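Engineer: fold the stuff below for me.
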Amino acid sequence: MQPHTDRRYLLGLLTIILAFNFLDRIALGLVTQDIKTELHLSDTQLGFLGGVAFALFYAAMGIPIGRWADRGNRVTIIGLSTAIWSAAVALCAIAGTFLQLVLIRVVVGVGEAGCVPPAHSLIADFFTRAQRPRAVSIYMQGVSLSLIVGPFAAGWLNQLYGWRAMFAIIGLPGVILALLTQFSLREPRRDYFPAALPTPLSHPDVKEVCVTLWDSATFRHVLSAFSVICFFTYGRLQWMPAFFVRSFGLKTGELGTWFAAIYGIGGLVGTYCGGEWAARRAANNERLQLKAMGVFTLLSGGCAACVYLPALAPNYYWALGWLALSNTLVVMINGPTFAVLQTLVPARMRAMSIALVFLFINLVGMGCGPWAAGALSDALRPMTHDESLRYAMLFLCPASLWGAWHLWRAARTVARDVDATLVESAG
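Structural biologist: Down below sits the predicted model:
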């Protein structure tokens with residue numbers, strides 16, 4: 001098989017890999033009850049399985065893998081990681097105990113950690129500064145694709161064949177994708193951009209990377225913005241089905257259909273529009289991009305608050321409408337903001353910068369967001385009774401103002417920091 005040099009092929013393949021990267025997390029959530037029944041697990045064990053067992057290793061392994069990606073063959077890293085997580089997902093089919101399933105999920109987390117940082121770094125090499133917002137937005141549509149296909153595919157496979165067969169079936173395509181990656185892509189540092197191949201002296205250690213990135217005021221504010229926004233978003237996301245069940249009496253089947261449209265199709269539209277706007281209206285203007293992303297974040301938080309206000313959402317149709325608008329707005333920031341990070345940091349630190357961002361996103365957002373929403377709901381129950389979750393979610397909404405403030409602050413320093421990076425790269 002001849003390796004491809006077409007940027008569109010590379011971007012398409014990486015997008016499909018990202019979609020499968022997220023698919024198993026959706027699948028696990030859909031079959032939680034079946035696993036609980038068969039393996040006689042408690043809710044605490046299930047929470048550990050779907051949260052800490054995966055997120056901790058996924059976040060922690062991103063750092064060494066990101067460092068490897070900044071100095072090694074990123075195509076090999078993506079191919080190897082894809083093969084590892086796909087095989088581990090398929091192995092879930094033979095787990096007979098809670099411990100076995102936890103260990104397998106740990107391997108899944110380690111494998112999936114090797115997908116995103118090197119992919120972002122590759123995209124930054126293949127696309128120019130002006131093209132990156134659109135390219136990164138297209139890549140991140142893989143998450144939305146998984147949210148469209150995942151609930152239906154995993155749900156029907158589980159219903160027809162059981163959860164074990166479901167995991168085996170959704171794991172196998174990843175092995176094919178791993179082979180395609182390894183044999184149809186080449187590392188551009190070695191083949192297309194020989195000058196971009198780092199020398200041994202240019203390999204910074206973790207401390208040097210952290211110090212360099214922290215010295216950038218723009219990076220600090222973008223990292224803070226992502227952490228706050230993901231805390232707010234993940235905190236609401238996990239509890240959203242419970243809110244609609246408790247407050248509007250919806251059934252899970254109907255909710256699954258609505259959520260596939262809102263998070264899947266809405267995610268595709270929002271992610272595409274954010275990148276397209278930045279590429280057309282603010283190319284090479286990171287200051288304007290970050291200001292606009294702050295506005296989108298603020299508007300998203302306002303729409304999210306409307307979901308929980310009875311006066312503005314008197315029935316579930318209104319609530320779902322506000323939710324769709326809020327989700328579409330918040331995902332518009334993904335492509336441009338991640339593209340800014342790739343332009344902002346030196347090429348030899350690109351994968352590590354993304355790994356550090358995802359470390360905070362997963363630990364702060366996925367780790368603390370849902371827990372904070374649940375704890376706040378319990379604290380409000382004596383006062384608000386059955387509507388405690390509604391008001392807990394409402395209290396999280398002002399976090400969007402905090403995240404928007406960080407993006408606006410980042411806009412004030414980004415031109416200076418980008419110029420400094422470009423001078424360093426040219427030197």
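Engineer: in this structure Gly404 contacts Leu298, no?
Structural biologist: One correction, residue 404 is Ala, not Gly. Yes: if you go by C-beta atoms under 8 Å, Ala404 and Leu298 touch, sitting 4.2 Å apart. From N, CA and C alone the C-beta is placed, and that goes for glycine too.
Engineer: check which element follows whichever helix in the chain runs longest along the chain.
Structural biologist: Using DSSP state H, we find that the single longest helix of the chain is helix 217-248. Toward the C-terminal end, the helix or strand that comes next after helix 217-248 (DSSP states H and E) is helix 252-259.
Engineer: now do the buried residues in that next one.
Structural biologist: Buried residues in helix 252-259, counting neighbours by 16 or more other C-beta atoms under 10 Å, are found at Leu255, Trp258, Phe259.
Engineer: what's the pLDDT at the last one?
Structural biologist: So that's Phe259. On pLDDT, Phe259 comes in at 81.
Engineer: helices of the stretch 101-250 of the chain, start to end?
Structural biologist: Per DSSP state H, counting those that start in this stretch, the stretch 101-250 of the chain carries helices over the ranges 116-126, 132-161, 163-184, 188-191, 206-214, 217-248.
Engineer: with mean pLDDT added, can I get those in TSV?
Structural biologist: Converted to TSV, the helices of the stretch 101-250 of the chain look like this (pLDDT from 0 to 100):
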stretch	mean pLDDT
helix 116-126	89
helix 132-161	84
helix 163-184	91
helix 188-191	65
helix 206-214	83
helix 217-248	85
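Engineer: which of the ones you listed is buried the deepest?
Structural biologist: helix 116-126 (a mean of 25; mean count of other C-beta atoms under 10 Å).
Engineer: so which residue is dead centre in the chain?
Structural biologist: Nearest to the mean C-alpha position of the chain, counting by C-alpha atoms, centre = their mean, stands Val143 at 7.1 Å.
Engineer: which one is Leu179 nearest to, not counting chain neighbours?
Structural biologist: Gly79 (7.5 Å; C-beta to C-beta, 6 or more residues apart in numbering).
Engineer: again, but for Ser216
Structural biologist: Once flanking residues are discounted, Ser216 sits nearest to Asp417: 5.0 Å by C-beta to C-beta, 6+ apart.
Engineer: so what does the helix or strand that contains that neighbour touch, helix or strand wise?
Structural biologist: Assigned by DSSP H and E, Asp417 falls within helix 399-426. For helix 399-426, the contact count by 3 or more C-beta pairs under 8 Å, 6 or more residues apart in numbering; DSSP states H and E identifies helix 217-248, helix 286-307, helix 334-344 as packing neighbours.
Engineer: follow-up on the earlier one: show me what the longest helix of the chain packs onto, helices and strands only.
Structural biologist: If you count contacts as 3+ C-beta pairs under 8 Å, 6+ apart, helix 217-248 packs onto helix 252-259, helix 286-307, helix 316-331, helix 334-344, helix 350-360, helix 369-384, helix 388-396, helix 399-426.
Engineer: TSV for those helices, including distance to Pro241?
Structural biologist: Putting the helices and strands packed on helix 217-248 into TSV (distance: least, C-beta to C-beta, whole Å) gives the following:
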stretch	distance to Pro241
helix 252-259	5
helix 286-307	13
helix 316-331	11
helix 334-344	23
helix 350-360	25
helix 369-384	12
helix 388-396	11
helix 399-426	20
